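1. Need a 3D model of the sequence below.
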Amino acid sequence: MVYVRLLILNYAALFSIFTSASVQWDGKLEAGVLSSNNLSVIELEQISEQSDQAMTFATQLNLQWQPSRNAYVDIGGSYNNRRFQTLDDYNLQLRSVYLDTSYAFSPVTLGINYQHSNAHLAGQAFLSQQQFGLYASKVLRQQFYVRAGVSVTDKTFQQLAERNADNLALQFDVYWFAANRRRFVALSYTHTSEDSQGLRYSYNANRIRLQLAEPIIFNSTEHKLRLGGRVEQRSYPDYLAPPASTRTDNHVGLDASLQFIFSPQLSLLLGTEWVNYSSNLDDANYQEASHSLSLRLNF
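-> Okay, here's the model as predicted:
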């Protein structure tokens, strides 16, 4: 009987915490269509060289808890599903959960995070990964946000063990905000070192990404335009057998999206992306262009 009472008290305490004013939550549902002229799975270097269309579905739930004035906890999960009409080998399901905790000290905010995700490709278990991260961030003059972080990721490929890898990434981000944070420019730099079980798949990479968000007024309603570009260079020191040179890949990508907001709960999204992959390995040279249309419900 005492155990039952303690259990009831514990649940009551948890309920009072997560229904207090310090807890907020939000979520979204999104469904749409995607068209691509050349499907790819970059983790496997698998290319269709055919076009296809897919039905897409995504859902996400986030919870933000502020246990004290300077402490923050974010918990969330997401699910994404992409099913193509013809090329079933590229059907993808992705599930992910995350936990982020941070504390705002006087000079900087320090945080740690964890993410677990798993993917199914063509209806079969494909990739599982766990990521642990540390970061420091600071807001400067209410206009700039800078963040530096390091993350370690463990990758497990269920059907291709030689691609199992440990990934170390260092990232630095700078954001410039204007118009009450509705407009921003972001510049990111990431250095990645990945050690694979199969030595030929180990690589080092440097990546730069630029993003622009701009509010657009149409019919007395504010909508959102986003533009992005990225360049990445990867080197695989042991991919090619001697006396061949190191394999070098260059990735260039451009993307744009426009979100038409009908109400705080309902919006329509248009997106387009173009990516060019070039390499001194002939089989790794290709381009991909995709376009998407989806309806989003926020709650």
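
2. all helices for the protein, in order.
-> With helices called from DSSP state H, the chain shows them at 2-18.

3. what's across from the most centrally placed residue in it in the sheet?
-> With distances taken as Cα atoms, centre = their mean, Ser96 lies nearest the centre of the chain, 10.1 Å away. Listed by DSSP bridges, the beta-bridge partners for Ser96 are Ser78, Ser117.

4. Backbone dihedrals for Glu49, both of them.
-> Dihedral pair for Glu49: phi 60, psi 30, per degrees, to the nearest 10.

5. From Asn38, how far out is it?
-> 6 Å (Cβ to Cβ, to the nearest Å). Every residue, glycine included, has its C-beta placed from N, CA and C.

6. any shared contact partners between the two?
-> Common contact partners of Glu49 and Asn38 (Cβ atoms under 8 Å, 6 or more residues apart in numbering): Tyr286.

7. Compare those two (neighbour count), which wins?
-> Comparing Glu49 with Asn38 by other Cβ atoms under 10 Å, the one with more neighbours is Asn38, at 16 against 9.

8. and the spatially closest residue to the more buried one that is not a sequence neighbour, what is it in contact with?
-> Once flanking residues are discounted, Asn38 sits nearest to Glu288: 4.5 Å by Cβ to Cβ, 6 or more residues apart in numbering. By Cβ under 8 Å, 6+ apart, the contact list for Glu288 reads Ser36, Asn37, Asn38, Leu39, Ser40, Glu273, Trp274, Val275, Tyr277.

9. Type out the ChimeraX command that picks the buried ones from those.
-> Selection of the buried residues among these in ChimeraX, burial being defined by 16 or more other Cβ atoms under 10 Å:
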select :36,38,39,40,273,275,277
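
10. Could you export the contacts of Glu288 as TSV, including distance to His251 and pLDDT?
-> As requested, the contacts of Glu288 are exported to TSV (distance: Cβ to Cβ, whole Å; pLDDT from 0 to 100):
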residue	distance to His251	pLDDT
Ser36	16	98
Asn37	17	97
Asn38	14	96
Leu39	17	95
Ser40	11	93
Glu273	12	98
Trp274	12	98
Val275	7	97
Tyr277	6	96
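
11. So which of the contacts of Glu288 are in strands?
-> Among the contacts of Glu288, DSSP state E puts Ser36, Ser40, Glu273, Trp274, Val275, Tyr277 in strands.

12. re earlier: tell me the pLDDT at the residue nearest to Asn38?
-> With respect to pLDDT, Glu288 has a value of 97.

13. For the stretch 1-150 of the chain, just list every one of the strands.
-> 23-36, 40-41, 46-47, 52-68, 71-84, 92-104, 109-121, 124-140, 144-157 (DSSP state E, counting those that start in this stretch).

14. And for Leu127, the neighbour number?
-> Leu127: 21 surrounding residues under other Cβ under 10 Å.

15. right, and it touches His116 too?
-> No - look at Leu127 against His116 with Cβ atoms under 8 Å: they stay out of range, at 11.8 Å.

16. Look at the closest residue to Thr86 other than its chain neighbours and say how many residues are nearby.
-> Spatial nearest neighbour of Thr86, chain neighbours left out: Asp52 (5.2 Å); criterion: Cβ to Cβ, 6+ apart. Asp52: 17 surrounding residues under other Cβ under 10 Å.

17. wait, what's in contact with Asp52?
-> Residues in contact with Asp52 (Cβ under 8 Å, 6+ apart) are Ser35, Ser36, Leu39, Phe84, Gln85, Thr86, Leu87, Tyr90.
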